[in-house]
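Asks: Turn this into a model:
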Amino acid sequence: MGLAVALVVGLLTARFVYKRLQQAAVEQPVVATGQLVVAAAPLPLGSRLRAKDLRLIAWPAGTALAGSFSRVEDCVDRALITAVVENEPILAAKLAPKEAGAGLPATIPEGMRAVSVRVDDVVGVAGFVTPGTMVDVQVTANAEGGGGVTNTILQAVRVLAAGQKVEQDKEGKPQTVSVVTLLVNPEQANKLTMASTDGRIHLALRNTIDTKLVEPPPVYMTSLLGARPQPAPKAKSKGKATAPPPPPPPTVVEVIRGDKKDTTTFPTH
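Replies: All right, here's what the predicted structure looks like:
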């Protein structure tokens, strides 16, 4: 009799637990969702977005991304200022204004300039100066008083384009180009233009995360040969009066009359 009662109680308990588990599976909390605009395919930097380049996905409404979009039409005709991958959310910080156009001009931040310089395999660090890399700009020219000098005029400058390419090779291969475009401010643009016109420039490749600025001294050719550079002539101070030049010597005239000789001196003015 006791065994029968135990079996009945066990069956009832198992049935109760089974029903509670079923209710827990059905009564899952409902999460409100919204829509998020993402890239439908990988898109390169400078691309002008089209409707077919974008799509909508469901996204939890309570965790919206700052600067995200919920409508495709809000992103159409705007250019990317950075490359994106498939399904990457499109954010306002990644888009140029509509009036900025597309291509390389859209990637130039406000207040900055893009300046192109001619390079070869040596200047372009064997083709490893590619879009997105960071470089220092060195110039070699003739110093005042004769002799060559090399100095670093710009540091931690970003490369915008190599030739007409604005993106790196996906496998990191070097690119042999004849022109490199650098992102600089207006003052740096003047320095770079002067250096490429009256001197010979070289690009020193640096790590993209190394933005520390240093102050390397200029190197003179004479110092490489074991001699000291000649100091530049000192400019005359405008505050000191210079001594007047000495007066010219007087003019002496000799007059001979017969056996007599007379000498007359006339002051020179």
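
Asks: Give me the spatial nearest neighbour of residue 141, chain neighbours excluded.
Replies: Take residue 141 and drop its neighbours on the chain: the residue closest to it by C-beta to C-beta, 6 or more residues apart in numbering is residue 199, 3.5 Å away. In short, each C-beta sits where N, CA and C put it, glycine included.

Asks: Please apply the same query to residue 97.
Replies: Per C-beta to C-beta, 6+ apart, closest to residue 97 is residue 78, 7.3 Å.

Asks: And the one you found, how far from residue 50?
Replies: For residue 78, the distance to residue 50 (C-beta to C-beta, to the nearest Å) stands at 10 Å.

Asks: More neighbours: which of these two?
Replies: Between residue 78 and residue 50, counting by other C-beta atoms under 10 Å, residue 78 is the more crowded of the two (22 against 13).

Asks: Look up phi and psi at the more buried one.
Replies: As for residue 78, its main-chain torsions (degrees, to the nearest 10) stand at phi -110, psi 140.

Asks: Run a quick check on it versus residue 95, I expect a contact.
Replies: Yes - at 4.5 Å, residue 78 and residue 95 qualify as touching, with contact defined as C-beta atoms under 8 Å.

Asks: Which neighbours do the two have in common?
Replies: Here residue 78 and residue 95 have residue 49 as joint contacts, going by C-beta atoms under 8 Å, 6 or more residues apart in numbering.

Asks: Residues in a beta bridge with the residue most central in space within the chain, which ones?
Replies: The residue lying closest to the centre of the chain (C-alpha atoms, centre = their mean) is residue 158, at 2.5 Å. Beta-bridge pairing for residue 158 (DSSP bridges): residue 134, residue 183.

Asks: Quick one: residues contacting it.
Replies: For residue 158, the contacting residues are 132, 133, 134, 182, 183, by C-beta under 8 Å, 6+ apart.

Asks: what's the burial count for residue 182?
Replies: 22.

Asks: Find the nearest non-adjacent residue to it, please.
Replies: residue 157 (5.0 Å).

Asks: For the stretch 1-150 of the chain, which residues score under the pLDDT cut-off?
Replies: Filtered on pLDDT under 70, the stretch 1-150 of the chain yields the residue ranges 1-12, 16-18, 22-31, 145-146.

Asks: give me the number of residues near residue 175?
Replies: 16.

Asks: likewise residue 262?
Replies: What residue 262 shows, counting by other C-beta under 10 Å, is a neighbour count of 9.

Asks: and if you look at residue 260?
Replies: Residues lying near residue 260 (other C-beta under 10 Å) number 7.

Asks: What of residue 169?
Replies: Residue 169: 13 surrounding residues under other C-beta under 10 Å.
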